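Student: got a structure for you, letters missing:
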Ligand code: BTN
């Protein structure tokens, strides 16, 4: 496949998402672009977490997409696509990855990739999206703060060439964005649920300090997680409102 997007390779940057946001605010991004960094000084994770990554060992990049084909209420569909693309890429490499709602990528009980999507909305549609991805590739040791982190190298005992990983992963992302453009939500959701960690299984959760057991039965277009709790009630949760235990 032809290279789907041009790539800007940076040596050191605060955060590729911040860099992309800065370029967008200065109208300096005229076409969809990938910003890849050897090193991030302040890599950002979800919920104000820090994203740690040893310089030169992993993929830390942001893809700037013009997403006015996505209704603002359905912005989570983009996260479906990106999660599925990472799962696809890992499957090509014989790693059975799963999506842990909303969009963490796990192999067994360990996190191998994280996604931070920042959308700007104009009227009722997205205007552009900064899709930040951290994929652990060649890093072997992780800090005590990242106890459940894992990398492709740790799982497969070999090194990968980062630019090749990036290219293949971008191909997978392009495929899923094309899928989003040409299919309805039901089709996309089916794929997402098929690859969702814990779907249809009894799991333990915590919400507002209350622990409970339940089964994930649905994920809405808005991103809401729908759980059938063991008390028989169906409950819906937005991001940050619930955690797996
Ligand atoms: C998570 O918390 O799981 C999301 C992690 C996202 C990390 C990536 S690395 C590239 C991009 N730039 C950032 O500052 N964060 C994202």
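Tutor: That came in fine, so what should we check first? No experiment lies behind these values; they were computed from the predicted model shown.

Student: domain map for this protein?
Tutor: Residue ranges of the domains in the chain are recorded as 7-194, 202-244, according to automatic domain parsing.

Student: so for the residue lying closest to residue 146 once chain neighbours are set aside, what's the pLDDT?
Tutor: Leaving out its chain neighbours, the residue that sits closest to residue 146 by C-beta to C-beta, 6 or more residues apart in numbering is residue 52, at 5.8 Å. In this view, the C-beta of every residue, glycine as well, is placed from N, C-alpha and C. The per-residue pLDDT reported for residue 52 equals 95.

Student: thought residue 52 was touching residue 142?
Tutor: Yes. Using C-beta atoms under 8 Å, residue 52 and residue 142 qualify as a contacting pair, with a distance of 7.2 Å.

Student: among the domains of the chain, which comes closest to the ligand?
Tutor: Of all the domains of the chain, domain 7-194 sits nearest to the ligand, with 2.2 Å by C-beta to the nearest ligand atom.

Student: kindly check the end-to-end length of that closest one for me.
Tutor: With C-alpha to C-alpha, to the nearest Å as the measure, domain 7-194 spans 32 Å from end to end.

Student: ranking the domains of the chain by burial, who's on top?
Tutor: Highest mean neighbour count of the domains of the chain: domain 7-194, a mean of 18 (counted as mean count of other C-beta atoms under 10 Å).

Student: and that one, how far out from the chain's middle?
Tutor: When distances are taken as C-alpha atoms, centre = their mean, to the nearest Å, domain 7-194 is centred 5 Å away from the chain's centroid.
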